[in-house]
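> sequence and computational prediction follow.
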Number of protein chains: 2
Amino acid sequence: MSASDLSRRPVVVVETAKALRDAVGAARRSGLKIGLTPTMGALHAGHQSLMHAARSECGFVVATIFVNPTQFGPHEDFHRYPRDLARDLAACEAAGVDLVFHPPVAAMYPADHATFVEVAGLSNLWEGKSRPGHFRGVATVVLKLLNLVTPDIAYFGQKDFQQQAIIRRMCRNLDLPVEIRVCPIVRDADGLALSSRNVYLSAEDRAAALALSRCLQVAAGMVGGGETDLALVRRAMRKELAASPRVEPDYATLVDPETLEEVDDCPLRLAAIVAARVGTTRLIDNLLIDRCPPCAQS
Amino acid sequence: MSASDLSRRPVVVVETAKALRDAVGAARRSGLKIGLTPTMGALHAGHQSLMHAARSECGFVVATIFVNPTQFGPHEDFHRYPRDLARDLAACEAAGVDLVFHPPVAAMYPADHATFVEVAGLSNLWEGKSRPGHFRGVATVVLKLLNLVTPDIAYFGQKDFQQQAIIRRMCRNLDLPVEIRVCPIVRDADGLALSSRNVYLSAEDRAAALALSRCLQVAAGMVGGGETDLALVRRAMRKELAASPRVEPDYATLVDPETLEEVDDCPLRLAAIVAARVGTTRLIDNLLIDRCPPCAQS
């Protein structure tokens, strides 16, 4: 089946767990491998790259669209988070998704909901410091979605670096029968990582926001060029951010890609991670860096 | 296949997740329904009643034997908890179990284990007050075992009343694709609820321990006889316990069977729950009481 055939296949939308399980059950009984791309909607080419990856490996691709209240703090943007279901469904259909699960909040969190999953340690670093409870909400809703869809493979973006590390750890620690794939960041031509929150940026903010990807490139250039004094690299990253007056840095550092702990001994693979507020919008970005120059990759 | 045929079927023991998944996957591909009875070993007729229930509904019955360290407090009996694998395997085989999963602690909790699930509220009442962290450990290991075995139906005893309420809530809250069955308490002829910890009781302790089931019978008698003043019933329960000098009561009360909160308005169904220390051993017991006398059941 060609890509154009796939793009013509109409996407089916279900809102209840029963309809979801029935559809997935039928696909599984037909011998199809089930792929899942969980999203909060506000879909962009980054999300669609996950759907394309799922489409290439799985006979039946499920996307979920659910703006999960438990991962937003009380003063965060849950209510103004961009929602446009018609546009999102068109994006899913164009990317070859078979089924969209779009449940109401009250069905995901009924009155007696009291169960949360937490990945200790990993959840309290970096984003967790600025967003207490965020990763508890993320881990819980992802676990629920994995249990509802029971996919063979689930796809997450590297863009949310700490999130994917936490989800991988959770799935391994809880022995979930699912494979997790992490797909590369999709960037605009100028280097800005795609994010649903980029719509909040003014034209000036957007130009200033390029400091984030530039600071990662600075780190990659130095480490790739043989620099092993990571304190020097961190200083250069922070300097790059500081050059943009509209950018208010939170962190810019180098960490172990699994433990997310800061590294100083320059291991073979490390992750450069950055977070900053640009205007009123908090942005994050990251880059995987391999120390051996010939095999460096992003 | 008759019961005697079943009892002759040799039980298979596996220690790794891979061997477990392979065996369960083969059974499922043969069209068999999968039943799970999670245990900590030290098996008695109560556990075997769960296995019999699984045998009657499922084509493939898995028992797990794993003394779970994360549900024991630092001063509890993890190290002296009774362990006798040969005896337990014979008990499984006699009850018609097909497969026993008996993993080492280091495989269930590798060095990077950091993920825990918690059912808020329910976990902090009653046993949770005396055993902080206990139900977090229980919920986490049960979730792991459910993910490892992926049963259609899992069987738990009513004996651990708060545990089964928490597990049912967790499975519902996390959308786990499993049915939970709760099986009645098995008692000795004199009324003592079977428990792996009964082996700790001296002869005098054992006689004194009958105060627990007696106090539940007192409650059932009063409520069944039409008493609606639950404060009176609670007082009578405590009085029954106090009559035994070797018994050091923790709680003896009447609760809603779902929320485990104390009730005063005498709903149609309630649970009498009791916990006490007898000698050095903490014991628990419970009884479901229906207020309408003709349909009362235990």
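Received it, and whenever you're ready, just let me know what you need.
> packing partners of the helix or strand A:D88 falls within?
Following DSSP states H and E, the helix or strand that holds A:D88 is helix A:85-94. When contacts are defined as 3 or more CB pairs under 8 Å, 6 or more residues apart in numbering or on different chains; DSSP states H and E, helix A:85-94 packs onto helix A:45-57, strand A:60-65, strand A:99-101. In short, each C-beta sits where N, CA and C put it, glycine included.
> tell me the angle of the first one relative to helix A:85-94?
Per axes from the mean of the first three to the mean of the last three CA atoms, to 10 degrees, the angle that helix A:45-57 makes with helix A:85-94 is 40 degrees.
> hang on, A:S213 packs against A:D285?
Yes - because the distance of 5.7 Å satisfies CB atoms under 8 Å, A:S213 is recorded as touching A:D285.
> need the residues touching each of those two.
The contact sets of A:S213 and A:D285 overlap at A:A193 (CB atoms under 8 Å, 6 or more residues apart in numbering or on different chains).
> these two: which is more packed in?
A:D285 (25 against 22; other CB atoms under 10 Å in any protein chain shown).
> quick revisit: in CSV: the helices and strands packed on helix A:85-94, plus distance to chain B, mean pLDDT and mean neighbour count.
Shown next, in CSV, are these (distance: least, CB to the nearest CB, whole Å; pLDDT from 0 to 100; neighbours: other CB atoms under 10 Å in any protein chain shown):
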stretch, distance to chain B, mean pLDDT, mean neighbour count
helix A:45-57, 20, 98, 21
strand A:60-65, 12, 98, 27
strand A:99-101, 11, 98, 23
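> got the residues of the stretch 1-150 of chain A near chain B?
A:17, A:21, A:112-122, A:139-140, A:143-144, A:147-148, A:150 (CB under 8 Å from any CB of the partner chain).
> tell me the secondary structure of the residue lying closest to A:I167 once chain neighbours are set aside, please.
Once flanking residues are discounted, A:I167 sits nearest to A:V142: 5.5 Å by CB to CB, 6 or more residues apart in numbering or on different chains. Classification of A:V142 by DSSP: H, G, I helix; E, B strand; the rest coil places it in helix.
> what do you get for A:I167?
In the three-state summary, A:I167 is assigned as helix, counting by three-state DSSP.
> go ahead and confirm it touches A:L145.
No - counting by CB under 8 Å, A:I167 stays clear of A:L145, with 10.6 Å between them.
> in the stretch 51-200 of chain A, which spans are strands?
A:60-65, A:99-101, A:115-119, A:153-157, A:179-183 (DSSP state E, counting those that start in this stretch).
> packing partners of the second one?
Read that as strand A:99-101. Packed against strand A:99-101, as judged by 3+ CB pairs under 8 Å, 6+ apart, are the following elements: strand A:12-14, helix A:17-29, strand A:60-65, helix A:85-94, helix A:134-149.
> same check on the longest one?
Packing contacts for strand A:60-65, counted by 3+ CB pairs under 8 Å, 6+ apart, involve helix A:17-29, strand A:34-39, helix A:45-57, helix A:85-94, strand A:99-101, helix A:134-149.
> and that strand, which strands flank it?
When pairing is defined by DSSP bridges, strand A:60-65 lines up against strand A:34-39 (parallel), strand A:99-101 (parallel).
> list the contacts of whichever residue of the stretch 151-298 of chain A sits closest to chain B.
Closest approach of the stretch 151-298 of chain A to chain B (CB to the nearest CB) occurs at A:N173, with a separation of 3.6 Å. For A:N173, the set of contacting residues under the criterion of CB under 8 Å, 6+ apart consists of A:119, B:112-115, B:144.
> got the confidence number for the residue of the stretch 1-150 of chain A found nearest chain B?
In the stretch 1-150 of chain A, the residue found nearest to chain B is A:T115; the distance is 3.6 Å by CB to the nearest CB. Looking at A:T115, its pLDDT stands at 98.
> ok, now the one 3 residues further on?
Note on A:E118: pLDDT of 98.
> that one reaches B:A139, doesn't it?
No - judged on CB under 8 Å, A:E118 makes no contact with B:A139 at a distance of 11.6 Å.
> domains in chain A, as residue ranges please.
A:3-183, A:196-290 (automatic domain parsing).
> would you tell me which of those gets closest to B:S30?
Smallest distance to B:S30 across these (CB to CB): 15.1 Å, for domain A:3-183.
> chain center to the closest one, what's the gap?
On the basis of CA atoms, centre = their mean, to the nearest Å, the separation between the geometric centre of domain A:3-183 and that of its chain is 10 Å.
> cool, stretch A:218-227 as well?
Taking the mean C-alpha point of stretch A:218-227 and that of its whole chain, the gap between them comes to 25 Å (CA atoms, centre = their mean).
> list the buried residues of it.
Buried residues in stretch A:218-227, counted by 16 or more other CB atoms under 10 Å in any protein chain shown: A:218-220, A:222-224.
> of those, which belong to helices?
Those of those mapping onto helices are A:218-220, A:222-224, per DSSP state H.
> and which of these is nearest to B:A90?
Distance to B:A90, by CB to CB, is smallest for A:V223 among those, at 60.2 Å.
> hang on, the earlier thing: could I get the helices and strands packed on helix A:85-94 as a markdown table with distance to B:S56?
As requested, the helices and strands packed on helix A:85-94 are arranged in a markdown table below (distance: least, CB to CB, whole Å):
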| stretch | distance to B:S56 |
| --- | --- |
| helix A:45-57 | 40 |
| strand A:60-65 | 34 |
| strand A:99-101 | 35 |
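> now render the ones in helices among the buried residues of stretch A:218-227 as CSV, adding pLDDT and distance to B:A252.
Below are those laid out as CSV (pLDDT from 0 to 100; distance: CB to CB, whole Å):
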residue, pLDDT, distance to B:A252
A:V218, 98, 67
A:A219, 98, 63
A:A220, 97, 66
A:M222, 96, 68
A:V223, 95, 65
A:G224, 92, 69
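> which residues does the spatially closest residue to A:F101 that is not a sequence neighbour contact?
Excluding its sequence neighbours, the residue lying closest to A:F101 (CB to CB, 6+ apart) is A:T64, at 4.5 Å. By CB under 8 Å, 6+ apart, the residues touching A:T64 are A:36-39, A:100-103, A:145, A:149.
> with A:D265 instead?
Taking CB under 8 Å, 6+ apart as the contact definition, A:D265 lies against nothing.
> angles on the backbone of it, please.
With angles defined as degrees, to the nearest 10, A:D265 shows backbone torsions of phi -90, psi 10.
> I'd like to know how far it sits from A:Y251.
Relative to A:Y251, A:D265 is positioned 20 Å away (CB to CB, to the nearest Å).
> A:A165 contacts A:L122, doesn't it?
Yes - under the contact definition of CB under 8 Å, A:A165 touches A:L122, with a separation of 6.2 Å.
> quickly list what's touching both of those two.
Overlap between the neighbourhoods of A:A165 and A:L122 consists of A:L260, taking contacts as CB under 8 Å, 6+ apart.
> state the number of residues packed around A:I167.
Here the number of neighbours of A:I167 (other CB under 10 Å) works out to 25.
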